[in-house]
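Q: I need the structure of the sequence given here:
(one chain, ligands or ions: 1)
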Amino acid sequence: MTTIVITGASDGIGAEIARQMAERYGVKAVLVLAARNVAGLQTVASQCNAVGARTLILPVDVSDQSQCIQLIETTVKNFGGIDILINNAGLIAQALLQEVETKNLNWYEYVMRVNHWGSVWCTHAALPHLLASQGRIVAVSSLVGLIGLPGHTAYCSSKFAMTGFFESLRTELIDSGVCVTIAYPGVVDTQIRAHGLNAQGAIGELSSLNEKNAMSVEECARLIVQATMRRKRQVVMTTKGKLGQWLKLIAPGWVDRMAIAAVKLQRKP
Ligand SMILES: NC(=O)c1ccc[n+]([C@@H]2O[C@H](COP(=O)([O-])OP(=O)(O)OC[C@H]3O[C@@H](n4cnc5c(N)ncnc54)[C@H](OP(=O)(O)O)[C@@H]3O)[C@@H](O)[C@H]2O)c1
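A: Next up is the predicted model:
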């Protein structure tokens, strides 16, 4: 049996990773699906069950450390260990820093709690079990965890923090048999922008990113599952993302302009 824990499994990339893992492992898979929306988790679980995989759905808010610990403890109690942990739960936020009032700055902390701390808490709790299984850790970061984007100071900093944490952890685990894969998707066709946070910290539709050439969720999940199986250190998605990494070394100003061109923001005159 291969026990796979996926956070943010009720929708989008996490749900599709669950379905693809279920297809791949069939009856040999136990999928522990975590998120807040139980109805969404139930739908994904029945899709995974249909191809033979076992599932356990757990309502978890990753912004709460005790719920992250509970997720891992319940998994180990039920299935005896963990082979793969996929830190995928996340939300997006968009605002120019100059538009954020001091009284609203606390949502920056919330974005950090969900995207970064949720991953840290789950990984810390799961680490002894992953060491025992010589398992795999996956972090779903973003291209904005490598390159800054205007209007995304909160989101980018949470993803850069994930990058730093998981890069460091990889070096700590180098001889342990546990691998760390960081995924850097570009724009993916999911609902993430339909419920992002705005300058006031309110949930709403965000549409600054050009979504014309968005990657399909199936392709994004396929690349993540493939990199996980191959124990790759990272998967950088899109040609621009790959190019940006190299250009940043030799022409960083050019990369800044590419980032500005990628978003359409209403700036104050
Ligand atoms: N879509 C893109 O363009 C894109 C690009 C680069 C990186 N990413 C990253 O990919 C990951 C998945 O995003 P997506 O596009 O699939 O977004 P999505 O469709 O909005 O799904 C986000 C998932 O995260 C869960 N989640 C959000 N807040 C949570 C919380 N506090 N506790 C537990 N689960 C929570 C949601 O479930 P509940 O609401 O049920 O809790 C949902 O299952 C995120 O980390 C995102 O930053 C996305």
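Q: going by C-alpha atoms from here, please, whenever you check contacts or count neighbours.
A: OK.
Q: flag the shaky bits of this protein, pLDDT-wise.
A: Counting by pLDDT under 70, the low-confidence segments of the chain come to 207-210, 264-269.
Q: get me the contact residues on it for the ligand.
A: Applying the criterion CA under 6 Å from any ligand atom, the portion of the chain that neighbours the ligand consists of 8-14, 35-37, 60-63, 88-91, 114, 140-142, 185-192.
Q: recalculate using a threshold of 5 Å.
A: Residues of the chain lying close to the ligand by CA under 5 Å from any ligand atom are 8-13, 35-37, 61-62, 88-90, 142, 185-188, 190-192.
Q: what's the ChimeraX syntax to select whichever of those are buried?
A: Per 16 or more other CA atoms under 10 Å, the buried members of the residues of the chain next to the ligand correspond to this ChimeraX selection:
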select :8,9,10,11,12,13,35,36,37,61,62,88,89,90,142,185,186,187,188,192
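Q: mind checking which of the residues of the chain next to the ligand are in helices?
A: Among those, the ones falling in helices (DSSP state H) are Gly12, Ile13.
Q: three-state assignment of Ala139?
A: strand (DSSP: H, G, I helix; E, B strand; the rest coil).
Q: isn't it right up against Ala183?
A: Yes. Under the contact definition of CA atoms under 8 Å, Ala139 touches Ala183, with a separation of 6.1 Å.
Q: and the contacts of the longest helix seen in the chain?
A: Across the chain, the helix with the greatest residue count (assigned by DSSP H) is helix 153-172. For helix 153-172, the surrounding residues in contact (CA atoms under 8 Å, 6 or more residues apart in numbering) are 91-97, 108, 111-112, 115-116, 119-120, 139, 141-142, 144-149, 179-180, 182.
Q: could you list every residue that touches Ala221?
A: The contact partners of Ala221, taken as CA under 8 Å, 6+ apart, are Ile13, Gly14, Glu16, Ile17, Gln20.
Q: hmm, try it at 10 Å
A: For Ala221, the residues meeting the contact criterion (CA atoms under 10 Å, 6 or more residues apart in numbering) are 12-21, 183, 185, 188, 227.
Q: so it is in which element?
A: helix 217-229 (DSSP states H and E).
Q: what do you get for Leu41?
A: Assigned by DSSP H and E, Leu41 belongs to helix 38-49.
Q: likewise Trp121?
A: Under the assignment given by DSSP H and E, the secondary-structure element containing Trp121 is helix 118-133.
Q: and the host helix or strand of Val111, what does it pack onto?
A: Assignment of secondary structure by DSSP H and E places Val111 within helix 106-112. Applying 3 or more CA pairs under 10 Å, 6 or more residues apart in numbering; DSSP states H and E, one finds that helix 106-112 makes contact with helix 153-172, strand 196-197.
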